[in-house]
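1. my questions concern the predicted model and sequence given below.
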Amino acid sequence: MKNHRGMTLIDMILTIVIVATAIPPLLIAYARLEERRLNLLPSSVATHLATDTMEGLVEGEEFDDVVDQVATAYAAPFNDYTSTVEVDYVDPLNLNISVDPVVTDIKRVKVTVMYTPTPRISASMTTVVTDAEGG
């Protein structure tokens, strides 16, 4: 019986082919993870700014003063971020249906903060406010 030691040329070629086909998907996955990691800080800042903006609207404004706001830039050091506010009067039974202000005293408020260098990085928050005093 012969004693076989080592790898043949075919074994070596198969190993190279298998490794070569496994490397590109791994590199693509690594690149995507790295991109997500780099986007975490702007995304986190956008979320905090959206929270602060929402709290300022809900707690600091009278019901009638909570209105739509066009894209507004933040002051430094957050001047790379803009916010928009969308306000709709909504049906009390279905908060996704906009109605005439005469019909209801419930508003749906949506704050969106966008990171302007990369517009796909944004944070949105939606809440409902009501005129608790009834006018």
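-> Done, it's in. Numbering: from 1, shown residues only.
2. so how far is the one helix or strand residue 40 maps to from its chain's centroid?
-> Using DSSP states H and E, residue 40 sits in helix 9-60. In terms of Cα atoms, centre = their mean, to the nearest Å, the centre of helix 9-60 is set 14 Å apart from its chain centre.
3. do stretch 77-84 as well
-> 14 Å.
4. per-residue confidence averaged over it?
-> The pLDDT scores in stretch 77-84 average 94.
5. alpha carbons of that stretch, as CSV, please.
-> What follows is stretch 77-84, C-alpha atoms only, in CSV (Å, rounded to 0.1, in the frame of the first residue of the first chain):
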residue,chain,number,x,y,z
PRO,A,77,-22.9,72.7,15.5
PHE,A,78,-25.9,71.0,13.9
ASN,A,79,-26.0,73.1,10.7
ASP,A,80,-25.8,69.9,8.6
TYR,A,81,-29.3,69.0,9.7
THR,A,82,-32.7,70.4,8.7
SER,A,83,-36.2,69.7,10.1
THR,A,84,-39.6,69.8,8.7
